[in-house]
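Peer 1: sequence plus predicted model, see below.
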Amino acid sequence: MRQNMIAGNWKMNGTSDSVKTLIEGVVSGLSADQKCDVVVGAPYVYIPAVVAATASSVVKVAAQDVSEQDKGAFTGEVSAEMLKDVGCEYVIIGHSERRSLYGETDQDSAQKYMAAQRHGLTPIFCIGELLEERENGTTEAVCARQLDAVIEAAGIASLANAVIAYEPVWAIGTGKVASPAQAQEVHAFIRNKLAQLDTAIAEKVQILYGGSMNPGNVADLIAQPDIDGGLIGGASLNAEDFLALCQAAG
Ligand code: 13P
C-alpha cells in the first residue's frame, strides 16, 4: 500500500521570521502518529534553518530546484551535493514555473533529476499540461512526453527513488482545482504508462496532485485510487491549512 505525501512548495516567499513561525507551527502541530510523509520545499537560503527546526520531527526538507551540474564555474547555481550537505532529502524538479518562466526544457529537467539522484536526493518530478493543451486534447501526450524525457535519460528503475507530481498548469495558483475525476484520469494514465514498463515501479511510485489543493478539497482528491497526496503552494504558507492537509492525508 502506498503512503500518502503532503509536500509544501513555499516558492519565493518568506523572511527569516515568517519561515521560523511557519515551520515551528507545522512541527508543533503534527500529531505524533502522523501517517503520511510530510515535506516542505523551502527557498535555498532558509534550508539550513528549516532543517534545524525539523530535526526532531518527521518533516523532511526539499529544495525547489537544483543545478544539473555537480560543481564548478556555474555562478548562481546550487548543486545537489550542496543540498544534501545541508540536510535536504528531496528536490522539486521541473516545476511549471521553472519550465514556463525560465525556459527549462524536458531535457534540462531530466538532467536535474539525474543530478539529484546522483547525490542521494529524491526528485519530486513535476509534469502537467497548460490550459490550451487540455482544451486541445493533448493532456496525456504532454504528460507522457515530460515523463519520457526522464525515463529515457535515467531509466524506469530510477522512479523507485522519485515522486511524481501531476500539476495541471491551469490549476496552479488560480483557485481552479481539477475535479477529482479529472485528476484521477491523468494519475491513472501516468500509472498505467509506467506499468507498461515496470509494474512494481508503477505500483510503488507516489503520484501527487498539485494545483489549488486546500483543506476544503483535499479529501475528495486523495480519496481517488491513484492520487497519493499533494504538492501544495498557497495553502502550505499557512501552518493551520498545511496541518489540515496532513491530517486529511493520514
Ligand atoms: P497552488 O497550491 O498555490 O495552486 O500551487 C501549486 C503548486 O504549484 C505547487 O508546486
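Peer 2: Looks like it came in fine.

Peer 1: only C-alpha atoms for contact and neighbour calcs from this point on.
Peer 2: Noted.

Peer 1: what are the buried residues along the worst-scoring helix or strand of the chain on mean pLDDT?
Peer 2: One helix or strand of the chain scores below all others by mean pLDDT, DSSP states H and E: helix 131-135, with a mean of 95. By neighbour count on 16 or more other Cα atoms under 10 Å, the buried set for helix 131-135 is 133-134.

Peer 1: how far out from the middle of the chain is it?
Peer 2: Taking Cα atoms, centre = their mean, to the nearest Å, one finds helix 131-135 lying 22 Å from the centre of the chain it belongs to.

Peer 1: helix, strand or coil for the most far-flung residue of the chain relative to its centre?
Peer 2: Ranking residues of the chain by C-alpha distance from their mean position (Cα atoms, centre = their mean) puts Ala73 at the top, at 28.3 Å. With DSSP: H, G, I helix; E, B strand; the rest coil as the basis, Ala73 sits in coil.

Peer 1: how near is it to Ser79?
Peer 2: Note on Ala73: its distance to Ser79, by Cα to Cα, to the nearest Å, is 11 Å.

Peer 1: can you check Arg98 too?
Peer 2: In terms of Cα to Cα, Arg98 sits 16 Å off from Ser79.

Peer 1: please say which of the two ends up with more neighbours.
Peer 2: Legend: neighbour count by other Cα atoms under 10 Å for Arg98 and Ser79, higher for Ser79 (21 against 15).

Peer 1: can you give me the distance of that one to the ligand?
Peer 2: As judged by Cα to the nearest ligand atom, to the nearest Å, Ser79 and the ligand stand 20 Å apart.

Peer 1: likewise for Ala144?
Peer 2: 19 Å.
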